[in-house]
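Peer 1: Task: produce atomic coordinates for the following.
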Amino acid sequence: MDDLIHTAVLFFDRIRTNEFLHGYINLLLTPGWWQLLLCFFACSVIMIFRLNAIEKNGFEGTLIGTLIMPYFSGFPNLCFAYLLIQKGAKGRLVLENCLVNNITNLTIILGVPTIIWGLNLYKNSNNKTMDLKINHLSLLLSILALIFFALSVFFVSKDGLITASDGMLLVGIFLFWQLYHVFDVLKNNTRTSRRIKKRLLFEFIIIGLCAWGVFSSIEYLIQWVHLNGKGFFSATNLGLLSGLLMVIPNAVLAIYYTAVRRPEIVYSSQIGDCHICIPLCVGLFAVFSPIKVDASFMTAFFILMGTSGAHFLFTAIFGRLPRFAGVALTVLYAFFIYKEVI
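Peer 2: Next comes the predicted model:
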């Protein structure tokens with residue numbers, strides 16, 4: 001036994017004195033930027049794919065896109081706002097993060113899948129069933145809500161400041177919107193005599209663990225940017241960088257559900273994620289710390305409202321997003337990034 005212990009001590013002593021192994025172990029155990037990004041991507045993807053199980057156990061169609069998915073695809077934005085509140089950072093970063101996120105969702109995230117697969121709410125069918133019609137109307141209502149929310153933030157910021165009372169108003173209208181969907185789910189389940197299954201608790205536990213991983217990775221990524229960021233990846237561009245990073249879960253979601261021909265979920269989930277950013281994230285931050293709104297944000301607001309209006313017209317008139325519109329939205333996003341509108 002003594003020989004075995006002595007051998008083990010020598011083995012670990014060699015590892016400790018071996019610079020290569022020591023450096024490799026430190027690389028694995030110390031959270032660097034690549035590990036944090038990997039954790040963020042992995043947790044985000046697992047969260048999104050577990051939503052398939054939730055859809056099959058009490059939530060369907062646009063309801064899962066407007067009521068369930070946005071909280072998980074938009075969870076990183078909520079984490080970002082919370083961490084900035086803790087650090088006493090400027091509200092400009094939160095507003096920039098939310099605007100970049102929403103514009104990206106409505107342009108390239110919906111544009112690229114449309115170019116590749118097409119985004120037809122009626123699946124190229126002339127047989128418009130009752131469910132398809134209901135999903136279509138629900139989507140139109142969600143887009144109108146997005147336009148209303150964007151206009152609300154635009155008007156409360158006309159004086160150049162979003163105050164605590166403005167923030168409470170924004171959070172209040174968001175909560176009312178969510179309560180409407182909760183009662184809609186209960187009404188539909190009552191009408192169809194369908195119950196929400198208990199196994200959902202297990203799915204929410206998995207998603208909760210992934211949410212913790214997302215939160216932790218974002219927290220450490222913010223610290224890394226502040227301590228080690230240089231050039232474009234510096235703290236100066238934290239709002240833009242975070243906005244681009246946090247649309248990746250939305251991109252995975254959009255590509256997956258477009259490929260499996262579930263356009264109503266693709267559309268409603270991106271619109272619902274926009275609701276999380278504006279007004280919820282902006283409103284929550286403003287409750288604790290006023291947000292100063294520069295004139296540079298006005299152009300971004302006009303782009304957001306303009307693209308929302310275009311989506312409403314295409315879905316209302318044609319029931320789909322044409323491929324040429326997908327190309328136009330992708331080009332608009334490239335212009336948005338190239339000109340650094342915000």
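Peer 1: which intervals of the stretch 151-300 of the chain have sub-threshold pLDDT?
Peer 2: By pLDDT under 70, the low-scoring segments of the stretch 151-300 of the chain are 189, 192-199.
Peer 1: who touches Ala316 in this structure?
Peer 2: Taking CB atoms under 8 Å, 6 or more residues apart in numbering as the criterion, Ala316 is in contact with Leu140. Glycine gets a C-beta too; all of them are placed from N, C-alpha and C.
Peer 1: Is my assumption valid that it occupies a position in a helix?
Peer 2: Yes: counting by DSSP: H, G, I helix; E, B strand; the rest coil, one finds Ala316 located in a helix.
Peer 1: give the contact list for the nearest residue to Leu106 once chain neighbours are set aside.
Peer 2: Ranked by CB to CB, 6 or more residues apart in numbering and with sequence neighbours excluded, the top spatial neighbour of Leu106 is Thr307, at 4.4 Å. Neighbour list for Thr307: Ile103, Leu106, Thr107, Leu329, Leu332 [criterion: CB under 8 Å, 6+ apart].
Peer 1: What strand or helix carries Thr307?
Peer 2: helix 296-317 (DSSP states H and E).
Peer 1: Distance check, the residue sitting nearest the centre point of the chain against Ser234.
Peer 2: Nearest to the mean C-alpha position of the chain, counting by CA atoms, centre = their mean, stands Gly74 at 3.2 Å. According to CB to CB, to the nearest Å, Gly74 and Ser234 sit 25 Å apart.
Peer 1: picking up where we left off before, quick check, the residue nearest to the centre of the chain in contact with Asp273.
Peer 2: Yes: contact between Gly74 and Asp273 holds when scored by CB atoms under 8 Å: they sit 4.7 Å apart.
Peer 1: CA atoms of stretch 221-236 as PDB?
Peer 2: What follows is stretch 221-236, C-alpha atoms only, in PDB (Å, rounded to 0.1, in the frame of the first residue of the first chain):
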ATOM      1  CA  LEU A 221     -17.500  37.100 -21.200                       C
ATOM      2  CA  ILE A 222     -18.400  40.600 -20.100                       C
ATOM      3  CA  GLN A 223     -15.500  40.500 -17.600                       C
ATOM      4  CA  TRP A 224     -13.100  39.100 -20.300                       C
ATOM      5  CA  VAL A 225     -14.000  41.900 -22.700                       C
ATOM      6  CA  HIS A 226     -13.400  44.600 -20.000                       C
ATOM      7  CA  LEU A 227     -10.100  43.100 -19.000                       C
ATOM      8  CA  ASN A 228      -8.600  41.700 -22.200                       C
ATOM      9  CA  GLY A 229     -10.700  43.200 -25.100                       C
ATOM     10  CA  LYS A 230      -8.800  45.100 -27.800                       C
ATOM     11  CA  GLY A 231      -9.800  46.900 -31.000                       C
ATOM     12  CA  PHE A 232     -13.200  45.900 -32.300                       C
ATOM     13  CA  PHE A 233     -13.600  43.400 -29.400                       C
ATOM     14  CA  SER A 234     -13.200  46.100 -26.700                       C
ATOM     15  CA  ALA A 235     -15.600  47.300 -24.100                       C
ATOM     16  CA  THR A 236     -16.400  50.300 -26.300                       C
END
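Peer 1: gap between stretch 277-293 and the chain center?
Peer 2: Taking CA atoms, centre = their mean, to the nearest Å, one finds the center of stretch 277-293 at 17 Å from the center of the full chain.
Peer 1: Endpoint to endpoint, it covers what distance?
Peer 2: Taking CA to CA, to the nearest Å, the first and last residues of stretch 277-293 lie 16 Å apart.
Peer 1: For Phe156, list the residues it contacts.
Peer 2: Not Phe; residue 156 is Val. If you count contacts by CB under 8 Å, 6+ apart, then Val156 has Ile162, Asp166, Leu169, Leu170 around it.
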